[in-house]
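K.L.:
requesting a structural model of the entry that follows:
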Amino acid sequence: MNEKEKTVVKTMSIADREYKRSLINLYPELAGEFNFSFIQIRLGSDEHARVKHENAGGNKPAKYIELHFDPMEPHTFGGLLNLPQAQITIKFHGLSDAETANFMDRFDRAFQRGGG
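P.N.:
As a prediction, the model looks like this:
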């Protein structure tokens, strides 16, 4: 299979602690301390993810996803309200369009916040 690469970049109003909490909702095995600015999710043939907290060198798996968290300057409204912002870059390697769409659906649900 030829490796397909796709990159999705999202600018989100999210602080680092909230990002970490949402990642744990997505992958509970991330609970505890870790470097959440770079996460690599390796997908095996059984479709279960193995999450690495660092940039894994050596042989790359056939399917994997990289998540990069880059904090940005807060967005200020009228000098009174500061909202945190971050750029989230999601890189897909070797996943089909259906697998990519499935991950993005799960990602969006894990990061969804209620409001009213």
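K.L.:
only C-alpha atoms for contact and neighbour calcs from this point on.
P.N.:
Fine.
K.L.:
show me where the protein has strands.
P.N.:
Counting by DSSP state E, one finds strands in the chain at the ranges 5-12, 38-43, 49-52, 63-77, 81-93.
K.L.:
may I ask which helix or strand of the protein has the lowest mean pLDDT?
P.N.:
Of all the helices and strands that make up the chain, strand 49-52 has the lowest average by mean pLDDT, DSSP states H and E, namely a mean of 59.
K.L.:
quick test: name the residue nearest the centre of the protein.
P.N.:
residue 67 (4.0 Å; CA atoms, centre = their mean).
K.L.:
what about that residue, distance to residue 43?
P.N.:
14 Å (CA to CA, to the nearest Å).
K.L.:
now residue 96
P.N.:
Using CA to CA, one obtains 12 Å as the distance from residue 96 to residue 43.
K.L.:
so which of those two has more stuff around it?
P.N.:
Per other CA atoms under 10 Å, whichever of residue 96 and residue 43 has more neighbours is residue 43, with 18 against 15.
K.L.:
I figured the more buried one hits residue 63, correct?
P.N.:
Yes - using CA atoms under 8 Å, residue 43 makes contact with residue 63 at a distance of 5.3 Å.
K.L.:
tell me, how many residues neighbour the closest residue to residue 11 other than its chain neighbours?
P.N.:
In space, and not counting its chain neighbours, residue 11 is closest to residue 87: 4.5 Å by CA to CA, 6 or more residues apart in numbering. By other CA under 10 Å, 16 other residues sit near residue 87.
K.L.:
ok, now residue 10?
P.N.:
Neighbours of residue 10 (other CA under 10 Å): 12.
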